[in-house]
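Chemist: Attaching a predicted model along with its sequence, questions to come.
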Amino acid sequence: GAVVSQHPSWVICKSGTSVKIECRSLDFQATTMFWYRQFPKQSLMLMATSNEGSKATYEQGVEKDKFLINHASLTLSTLTVTSAHPEDSSFYICSAPGGTEINTGELFFGEGSRLTVL
Amino acid sequence: EDQVTQSPEALRLQEGESSSLNCSYTVSGLRGLFWYRQDPGKGPEFLFTLYSAGEEKEKERLKATLTKKESFLHITAPKPEDSATYLCAVADSWGKFQFGAGTQVVVTP
């Protein structure tokens, strides 16, 4: 299946700093990527939809100024957590649709990034 | 509003003890129901897609089935390496995914 790579796999930062997470589609082009957040023993919660060449679409309750998304190419989307605080500590996962049409096929996920804010 | 409910939350099995996981859903226009496996600290790994009621898919010891209201993931004669959290997700007519909270499966030797 399609391969999605995410980096870094884990990061520890001080409160108030910004952290960037990269998501790459390795063997296919992804005009759309999705960013999820997952708390322990909870479901994946969609944060935003990243669209190549245009602005991201954020889910209700997600601060777009705090979670900056850039989808500069057909294989790379980045999520920047700005001025991170301990409550931002979580597992962040990106995904991309593997079908030939957006939203008709399964999602392929990156390995996830564990963010810990001290 | 789309909803996905998985049960049980956790399942402990002896090696070889077959069992089933349930995924109940309500969705406006089902485009697909997906099963994923997630190991601790990792992203979900795709297992199956089911598109219509009556459809079945199999992969090694796993078999997924679908009705109009729920899906089952059957694990036949599980092995310790089948231990993981199994996630169910539905995609609605807009293509939006909704995930369940998952069933944590532990298979002991």
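Modeler: Structure's in. What do you need?
Chemist: drop to CA atoms for contacts and neighbour counts, all remaining ones
Modeler: Fine.
Chemist: Identify each buried residue in stretch A:39-57, please.
Modeler: A:Ser43, A:Leu44, A:Met45, A:Leu46, A:Met47, A:Ala48, A:Thr49, A:Ser50, A:Asn51, A:Glu52, A:Ala56 (16 or more other C-alpha atoms under 10 Å in any protein chain shown).
Chemist: got the end-to-end distance for that stretch?
Modeler: By C-alpha to C-alpha, to the nearest Å, the extent of stretch A:39-57 from end to end equals 21 Å.
Chemist: That one - what's its average pLDDT?
Modeler: For stretch A:39-57, mean pLDDT rounds to 90.
Chemist: Pull the distance from it to the chain's centre.
Modeler: Computed by C-alpha atoms, centre = their mean, to the nearest Å, the chain-centroid distance of stretch A:39-57 equals 6 Å.
Chemist: hang on, the earlier thing: now narrow the buried residues of stretch A:39-57 to whatever sits close to chain B.
Modeler: A:Ser43, A:Leu44, A:Met45 (C-alpha under 8 Å from any C-alpha of the partner chain).
Chemist: Does the first one touch B:Ala101 like I think?
Modeler: Think A:Ser43. Yes: between A:Ser43 and B:Ala101 there is a contact under C-alpha atoms under 8 Å: 4.0 Å.
Chemist: Out of the ones next to chain B among the buried residues of stretch A:39-57, the closest to chain B would be?
Modeler: Relative to chain B, the closest of these is A:Ser43; by C-alpha to the nearest C-alpha it sits at 4.0 Å.
Chemist: The most centrally placed residue in chain A pairs with what?
Modeler: Among the residues of chain A, the one closest to the centroid is A:Trp35, at 3.3 Å (C-alpha atoms, centre = their mean). Beta bridges link A:Trp35 to A:Ala48, A:Cys94 when assigned by DSSP bridges.
Chemist: after the helix or strand bottoming out on mean pLDDT in chain A comes which helix or strand?
Modeler: The weakest-scoring helix or strand in chain A, judged by mean pLDDT, DSSP states H and E, is strand A:107-109 (a mean of 88). As assigned by DSSP states H and E, the chain's next helix or strand after strand A:107-109 is strand A:113-117.
Chemist: For chain B, list the residues in contact with chain A, please.
Modeler: B:31-32, B:34, B:41-46, B:49, B:91, B:94-96, B:99-102.
Chemist: Quick one: buried ones out of those residues?
Modeler: B:31-32, B:34, B:42-46, B:49, B:91, B:95, B:99-102.
Chemist: Perfect, I'm done here.
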